[in-house]
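> Predicted model follows, preceded by the sequence.
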Amino acid sequence: MGESTKGRKRLGVMGGTFDPIHHGHLVAASEVASAFQLDEVIFVPTGQPWQKTGREVSSAEDRYLMTVIATAENPQFSVSRIDIDRQGLTYTVDTLRELRAQHPDADLFFITGADALAQILSWRDVEELFSLAHFIGCTRPGHTLTDAGLPVGGVSLVEVPALAISSTDCRLRVAKGAPVWYLVPDGVVRYIDKRALYRDAG
Ligand code: ATP
Ligand code: MG
């Protein structure tokens with residue numbers, strides 16, 4: 001990355017469980033795309049997420065389709081099946097290796113919440129992760145990198161105004177019959193209803 005990047009495509013990569021995708025994710029992708037002049041943001045729903053082995057995660061197809069529905073109207077957004085089509089747990093390093101192979105001429109910008117970023121970077125392969133992509137942590141206005149326990153350098157921080165929305169809260173709302181309108185895109189509200197997702201969720 002750095003100086004000799006002129007003319008290279010700038011690709012954002014937004015990994016997530018997306019169970020369901022919500023406006024926090026979409027605002028984060030949009031903010032980072034603008035701040036870093038990205039050409040495109042690829043949303044990558046996880047296969048079986050290693051951080052979330054404790055609860056029942058919706059099927060990969062449901063999470064993939066909700067992500068497609070939520071991003072379909074935006075010409076800068078696309079969705080990749082690489083993690084859901086790979087067997088086993090999803091590790092960020094595998095995702096980035098595969099995207100790098102698919103897009104050898106692009107610079108990759110991995111977008112994630114600052115909380116998740118601290119976890120990823122505490123894992124193995126940090127050197128390789130930094131060689132594959134620039135890391136961008138999304139955080140609430142007013143927070144700093146050190147608040148999240150992150151190493152300074154190699155990582156950028158972007159403040160995202162919609163950060164109070166979470167998938168956990170959306171699932172709990174559906175389970176108790178509370179609305180998720182305007183927290184997730186309209187098509188996702190309808191898809192959750194059609195597929196009866198999260199009705200007894202936690
Ligand atoms: P859960 O509540 O189940 O943990 P989540 O809302 O955190 O779900 P994920 O699919 O786990 O959603 O998140 C995907 C990525 O988006 C992660 O990097 C996460 O940190 C980030 N993220 C989640 N919510 C927001 C938000 N409101 N604003 C910005 N980034 C977010
Ligand atoms: Mg989360």
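Yes, it's here. Remember, predicted model here, so these are calculated numbers, not experimental data. Ligands and ions are numbered 1, 2, ... in the order given.
> now the protein, which segments are flagged as low pLDDT?
When residues are selected by pLDDT under 70, those of the chain lie in 1-6, 49-54, 123-124, 140-153, 201-202.
> which bits of this protein sit near ligand 1?
When proximity is defined by Cβ under 6 Å from any ligand atom, the chain lies next to ligand 1 at 16-19, 24-25, 28, 112-113, 115-116, 138, 160, 162-163, 165-168. From N, CA and C alone the C-beta is placed, and that goes for glycine too.
> Contacts only, for Glu61.
Contact partners of Glu61, counting by Cβ atoms under 8 Å, 6 or more residues apart in numbering, are Ile84.
> Report the buried residues of the helix or strand where it lies.
Under the criterion DSSP states H and E, the helix or strand holding Glu61 is helix 60-71. Burial within helix 60-71, assessed by neighbour count using 16 or more other Cβ atoms under 10 Å, is assigned to Ala60, Asp62, Arg63, Tyr64, Leu65, Met66, Thr67, Val68, Ile69, Ala70, Thr71.
> Check the burial of Gly24 by counting its neighbours.
For Gly24, the count of nearby residues is 22 (other Cβ atoms under 10 Å).
> Next one: it from Ala101, what distance?
Here the criterion is Cβ to Cβ, to the nearest Å. By it, Gly24 lies 30 Å from Ala101.
> And for Ser131?
For Ser131, the distance to Ala101 - Cβ to Cβ - is 14 Å.
> Which of these two has more residues huddled nearby?
Set side by side, Ser131 and Ala101 show more neighbours around Ser131, with 12 against 8, by other Cβ under 10 Å.
> tell me which element that one is part of?
helix 126-132.
> Pull the distance from that helix to the chain's centre.
Here the centre of helix 126-132 is set off from its chain's centre by 18 Å, with Cα atoms, centre = their mean, to the nearest Å.
> looking just at contacts, which helices and strands does that helix meet?
helix 92-102 (3 or more Cβ pairs under 8 Å, 6 or more residues apart in numbering; DSSP states H and E).
> Show me what counts as buried in the helix it packs on.
Across helix 92-102, burial judged by 16+ other Cβ under 10 Å covers Thr92, Val93, Asp94, Thr95, Leu96, Arg97, Leu99, Arg100.
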